[in-house]
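> I would like to see how this sequence folds:
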Amino acid sequence: MSRIACLIAAETSGPRPDADRDLLAVALDHSPRVEIAGPGLVYLDATGLGGLFGAEEDLAHRLVARAGERGIEIGVAIAGSRVSARCACRWGRGVVVVKPGKEAAYLAVAPLSLLDLSEEMAVRLDRWGIRTLGELAALPPAQLFERLGGEGIRLQHLARGEDPRPLRPWTPPLVFEESENIEPAVEVLEPLVAVLGRLAQRIADALVRRACSADQIEWICRQTDGTLREASLAPAVPTSERGSILALVRTSLEARPPRGPVEAVTLRARPVRVPPAQVSLTDPTRPSPRQLAATLARLTALVGPQQIGAPMLVDSHRPDAVTLAPYPPRPASSGRARRPRSRPDERGPIEEAIPALVLRRLRPPLRAAVTLVAGRPVEVRSRGLASRVVNSAGPWRSSGEWWTERPWLHDEWDAELADGTVCRLSHDGSAWWVEGIYD
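The predicted structure is shown next:
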């Protein structure tokens, strides 16, 4: 006979970034089989825990007390299935224990909204006058199937507290870790790298056995005075090669060398599964993952991890508001975007590249001297630009973030110069700038 406990964090606990982690820890302290069903919602297998914690009521109160010690207010319900425990926990107050075999009777008077119905299904059942779980459970199954199909039968089983799906036990994230003590302690880099090479080989072998690749690598050096020197790094592409792992770690060590003799070292890798991809003969040549990882590691050591990455737009109206993010996996190339165009002749459809006018932004923008006549630019002088304006459009005023410490407001112009250059000008109230050149 299965017994399931449902733990739901109360909304009065307030938003806490570590609340779900603490709730999971409370559940794992009492049962090895735990399922995370959503934010603030955890199930645990309460079968056979009587010898450890006594009656189910005692177990439920113990769970509430342990969560309270972590600053979380929770409701706990124990029943014969996941759905009956969840509905009882949402409907009841504090601690609820549904006796075995009494789930349907207990839930009969509970409101139908506990099932989280879709809007369309809730409206349809409301028109039929179905308000409680018991009323839904009492409907004739054959007629219910004729009107709602398999979804109706599924909801009826849930209304009776019947949930055949077993728990999906939570498992900790897979981490490959290797450690080694160093006797005597080393103070120079080369012996330390030799030890790390052995650890990298073991981790690479473990990754290959699991058909995984490492997308995050961490090294930790314990010094003789007890202090730790550590760093975390992410390869440009997930890798399972010893050479790539060792190159990343060596470059990181050169950037953050230990400050004293090292007596123990740990190397840790967090694996991911990378699906195999068929390389196309039409794709451009790609660099070796090992060489790319080593190059990016050297650049990171030179300029810092915050200065390496792929540009990503920031959620802001500020022009050119970008940040750097880790490089995403490169999708398979499908060639240049083209659209078919039909010719009214015997040669049939052909493909033609779509032309586009692209603004090449200058980072940082160039300071400029602009001459105005009747409020419009007639001449532009800047580094590499010195010409009269033959045509212009604007101004377009843009502003924003006035509520922050860095508000911005400027007028923008598109100007065509006599030498054929088309550029974007901006004026922030005190100076002119060349923001970019159109290609």
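
> OK, contacts around Leu192?
Ile182, Val186, Cys221, Leu253, Pro258, Val262, Val265 (CB atoms under 8 Å, 6 or more residues apart in numbering). C-beta coordinates here come from the backbone N, C-alpha and C atoms, glycine included.

> again, only using 6 Å
Neighbouring residues of Leu192 by CB atoms under 6 Å, 6 or more residues apart in numbering: Val186, Val262.

> Tell me if it really is in a strand.
No: using DSSP: H, G, I helix; E, B strand; the rest coil, the assignment for Leu192 is helix, not a strand.

> From Trp219, how far off is it?
As for Leu192, its distance to Trp219 is 10 Å (criterion: CB to CB, to the nearest Å).

> residue boundaries of the strands in the stretch 101-250 of the chain?
Using DSSP state E, counting those that start in this stretch, the strands of the stretch 101-250 of the chain run over residues 176-186, 213-223, 228-233.

> Of those, which is nearest Glu69?
Nearest to Glu69 among the strands of the stretch 101-250 of the chain is strand 228-233; the distance by CB to CB comes to 29.1 Å.

> For stretch 195-208, C-alpha coordinates in CSV please.
C-alpha atoms of stretch 195-208 as CSV (Å, rounded to 0.1, in the frame of the first residue of the first chain):
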residue,chain,number,x,y,z
VAL,A,195,48.9,16.1,-10.9
LEU,A,196,46.0,17.9,-12.6
GLY,A,197,46.9,16.1,-15.8
ARG,A,198,46.3,12.7,-14.1
LEU,A,199,43.0,14.0,-12.7
ALA,A,200,41.9,15.3,-16.1
GLN,A,201,42.6,11.9,-17.6
ARG,A,202,40.4,10.2,-15.1
ILE,A,203,37.6,12.7,-15.6
ALA,A,204,37.9,12.4,-19.4
ASP,A,205,37.6,8.6,-19.2
ALA,A,206,34.5,8.9,-17.0
LEU,A,207,32.9,11.4,-19.4
VAL,A,208,33.5,9.1,-22.3
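
> what ranges do the helices span in the stretch 151-300 of the chain?
With helices called from DSSP state H, counting those that start in this stretch, the stretch 151-300 of the chain shows them at 189-209, 242-255, 289-303.

> among these, which is the most enclosed?
Highest mean neighbour count of the helices of the stretch 151-300 of the chain: helix 242-255, a mean of 21 (counted as mean count of other CB atoms under 10 Å).

> Check which helices and strands that helix is in contact with.
Other helices and strands packing on helix 242-255, by 3 or more CB pairs under 6 Å, 6 or more residues apart in numbering; DSSP states H and E, are helix 189-209, strand 228-233, helix 289-303.

> Going by mean pLDDT, which of these comes out lowest?
In terms of average pLDDT, helix 289-303 trails the rest of these, at a mean of 69.

> so what strands line up beside the very next helix or strand once past that helix?
Sequence order places strand 310-313 as the next helix or strand after helix 289-303, per DSSP states H and E. Note on strand 310-313: by DSSP bridges, its sheet partners are strand 322-325 (antiparallel).

> chain center to the strand it pairs with, what's the gap?
Relative to its parent chain, strand 322-325 has a centroid offset of 15 Å by CA atoms, centre = their mean, to the nearest Å.

> what's the answer for stretch 231-245, then?
Per CA atoms, centre = their mean, the centroid offset for stretch 231-245 relative to its chain is 20 Å.

> do stretch 122-129 as well
38 Å.

> Show me what counts as buried in it.
Using 16 or more other CB atoms under 10 Å as the test for burial, stretch 122-129 gives Leu125.

> Can you name the residues that contact Leu107?
Neighbouring residues of Leu107 by CB under 6 Å, 6+ apart: Cys87, Leu133, Gly161.

> from the residues you listed, which single one is nearest Leu207?
Comparing the contacts of Leu107 against Leu207 with CB to CB picks out Cys87 as the nearest, at 43.7 Å.

> nearest residue to the closest one other than its sequence neighbours?
Among residues not flanking Cys87 along the chain, Leu114 sits closest, at 4.4 Å (CB to CB, 6 or more residues apart in numbering).

> Next, count neighbours for Val34.
24 (other CB atoms under 10 Å).

> same question, Ala88
The tally of other residues near Ala88 (other CB under 10 Å) stands at 24.

> about what we covered before: export the helices and strands packed on helix 242-255 to TSV and tack on distance to Leu313?
What follows is those, written out as TSV (distance: least, CB to CB, whole Å):
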stretch	distance to Leu313
helix 189-209	34
strand 228-233	25
helix 289-303	22
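
> on that earlier part again, for the helices of the stretch 151-300 of the chain, please prepare TSV with the additional fields distance to Gly152.
TSV is the format used below for these (distance: least, CB to CB, whole Å):
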stretch	distance to Gly152
helix 189-209	48
helix 242-255	55
helix 289-303	52
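
> Show me the one of these that comes nearest Gly80.
Going by CB to CB, the one of those nearest Gly80 is helix 189-209, 40.6 Å.

> can you give me the angle that closest one makes with strand 176-186?
160 degrees (axes from the mean of the first three to the mean of the last three CA atoms, to 10 degrees).

> hang on, Glu401 packs against Leu409?
No: the criterion here is CB atoms under 6 Å, and Glu401 misses it with Leu409 at 9.7 Å.

> quick one: contacts for Glu263?
Neighbouring residues of Glu263 by CB under 6 Å, 6+ apart: Ile182, Ala185, Arg222, Thr224.

> who's in contact with stretch 296-305?
With contacts defined as CB under 6 Å, 6+ apart, stretch 296-305 is touched by Ala236, Leu248, Thr251, Ala255, Ile308.

> Of those residues, which pair is most distant in space?
With distances taken as CB to CB, the most widely separated pair in these is Ala236 and Ala255, at 16.5 Å.

> Alright, that wraps it up for me.
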